[in-house]
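Chemist: Sequence first, then the predicted structure:
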Amino acid sequence: MFAKYKRKILFSCIAGAIVFLAFSIYADFDKLIVAFSEFNWWYFPVILALSFINYVFRFFKWEYYRKILNINLKTSTSFLIFLSAFVMSVTPGKMGEVLKCYLLKEENGTPVAKSAPIVLAERLTDFISIVFLCIVGA
């Protein structure tokens, strides 16, 4: 499915690594090393586990909305499309995740107008969750 994108993905990964290295040098690499050395690495597996659980729930939410809209797709393909949008999570409001709609169109011809409400619903539930956490944390 994504074979035609392999070269572009590889280029993007290399470019990302170069940008990360450049920012690390710009941000004073020595201070970055000190910050990493002071980090309590026992938290790292917990952080990874919580992040993984978060994305599992997000995938189930994606699947739920996809099925409500009767967008037929194998779960494995749906999972790949879901994962592909992670690179677009850094856009303002995560609106780059509309990429999922484009990939659905490429995969099975689902019109973007049919799948775009999924992204909107995901952002709305994210907003509601943040408001809830703010209220609980206040």
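Modeler: Nice, thanks for sending it over. Numbers count the residues shown, from 1 in each chain.
Chemist: so I135, which of the three states?
Modeler: helix (DSSP: H, G, I helix; E, B strand; the rest coil).
Chemist: Helices of the protein, residue ranges please.
Modeler: Remark: helices assigned in the chain by DSSP state H are 6-26, 29-38, 43-68, 75-84, 99-108, 112-137.
Chemist: buried stuff in the fifth one?
Modeler: Within helix 99-108, the residues that qualify as buried are 99-104, 107, counting by 16 or more other CB atoms under 10 Å. C-beta: built from backbone N, CA, C; applies to glycine.
Chemist: chain center to it, what's the gap?
Modeler: Its chain's average C-alpha position is 16 Å from that of helix 99-108, according to CA atoms, centre = their mean, to the nearest Å.
Chemist: who's in contact with that helix?
Modeler: 1, 62, 71-73, 77, 81-82, 84-85, 88, 110-112, 115-116, 118-119 (CB atoms under 8 Å, 6 or more residues apart in numbering).
Chemist: how many neighbours does A121 have?
Modeler: 16 (other CB atoms under 10 Å).
Chemist: Y65 is in contact with that one, correct?
Modeler: Yes. Counting by CB atoms under 8 Å, A121 does reach Y65; the two are 5.6 Å apart.
Chemist: shaky segments in the protein?
Modeler: Across the chain, the ranges flagged by pLDDT under 70 are 1-5, 93.
Chemist: quick one, which residue of it lies the farthest from its center?
Modeler: Centroid-distance maximum for the chain: D30 at 29.9 Å, with CA atoms, centre = their mean.
Chemist: From L48, how far out is the residue nearest in space to the middle of the chain?
Modeler: In the chain, the residue lying closest to the centroid (CA atoms, centre = their mean) is F86, at 2.4 Å. Plainly put, F86 is 15 Å away from L48 if you go by CB to CB, to the nearest Å.
Chemist: how about N40, phi and psi?
Modeler: The phi and psi values for N40, taken as degrees, to the nearest 10, are phi -80, psi 100.
Chemist: Neighbours of it, how many?
Modeler: Around N40 there are 6 residues (other CB under 10 Å).
Chemist: got it, and S78?
Modeler: 21.
Chemist: wait, what's in contact with it?
Modeler: 62-63, 66.
Chemist: how about TSV for those, with neighbour count and distance to F23 added?
Modeler: Formatted as TSV, these follow (neighbours: other CB atoms under 10 Å; distance: CB to CB, whole Å):
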residue	neighbour count	distance to F23
W62	22	31
E63	16	35
R66	21	36
